[in-house]
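J.: Have a look; sequence and predicted model below, questions after that.
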Amino acid sequence: MQYFTNIKRSMMSVLEGMAVTFSWLFRRPYTVQWPDKIPEPLEKTLPATYRGLLEVDTRICTACLACEKACPIEVIAIEVDRNSETKERHIVRFDVDAAKCMYCGLCVEQCPTDAIHHTTLFAATTPDIGDLVLTFIKPGERALPFKPKDAPPAAIERGAITQALLDSRRGVE
Ligand code: SF4
Ligand code: SF4
């Protein structure tokens, strides 16, 4: 007798579960088909405080290295070249390894000029993990460190620099 009771209970349990499942056939879905079936890019709907991919505006970087020192896992690599005669400094490398970054924001907090900051960008899939090293100074380029007493350059839309880097990796024009 217990045997048949168990079978009946199991069948009732399955039917109850299926009733819940089928009821969703007629309800409005909560899911959103990303990235192509949404009215505007998801990145534009995220709050400004979202800790997405990092971005560096090298035009306002003072080359103080505070961000590099603040990073606990050596995600940031900056090289500064100093001319022994003129004593002039140039930033010759500014890499951020987005694959290694844990998006803690410690580097951002230390930056005196907001040159390094988070963006709302998050989509950066690539078959080659090496592509996730964001090179804000291209090999061979040299950037003069920003002097805070100078007038800052015109602001660039947040995320535009990092997005351009990602696009160049993907071959997007
Ligand atoms: S967000 Fe954190 S882990 Fe990423 S580079 Fe900055 S300090 Fe390092
Ligand atoms: S990004 Fe900011 S903290 Fe990092 S070296 Fe430049 S000015 Fe200093």
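T.: Cool, got the structure. Numbers count the residues shown, from 1 in each chain. Ligands and ions are numbered 1, 2, ... in the order given.

J.: Any idea how many residues pack against the spatially closest residue to residue 159 that is not a sequence neighbour?
T.: With Cβ to Cβ, 6 or more residues apart in numbering as the criterion, residue 159 has its nearest non-adjacent residue at 3.9 Å, and that residue is residue 119. All C-beta spots, glycine's among them, are computed from the backbone N, C-alpha and C. Applying other Cβ atoms under 10 Å, we find 21 residues neighbouring residue 119.

J.: list the contacts for residue 119?
T.: 43, 52, 53, 54, 55, 158, 159, 162, 163 (Cβ atoms under 8 Å, 6 or more residues apart in numbering).

J.: Looking at those residues, which is nearest ligand 1?
T.: Of all these, ligand 1 sits closest to residue 54, with 6.0 Å by Cβ to the nearest ligand atom.

J.: list the contacts for the closest one?
T.: So residue 54 contacts 96, 98, 101, 107, 108, 116, 117, 118, 119, 134, 162 (Cβ under 8 Å, 6+ apart).

J.: same thing but at 7 Å, please
T.: Applying Cβ atoms under 7 Å, 6 or more residues apart in numbering to residue 54 gives the contacts 96, 98, 101, 116, 118.

J.: Which residue is the nearest non-sequential neighbour of the residue nearest the centre of the chain?
T.: Residue closest to the mean C-alpha point of the chain, counted by Cα atoms, centre = their mean, is residue 53 at 1.5 Å. Spatial nearest neighbour of residue 53, chain neighbours left out: residue 121 (4.4 Å); criterion: Cβ to Cβ, 6+ apart.
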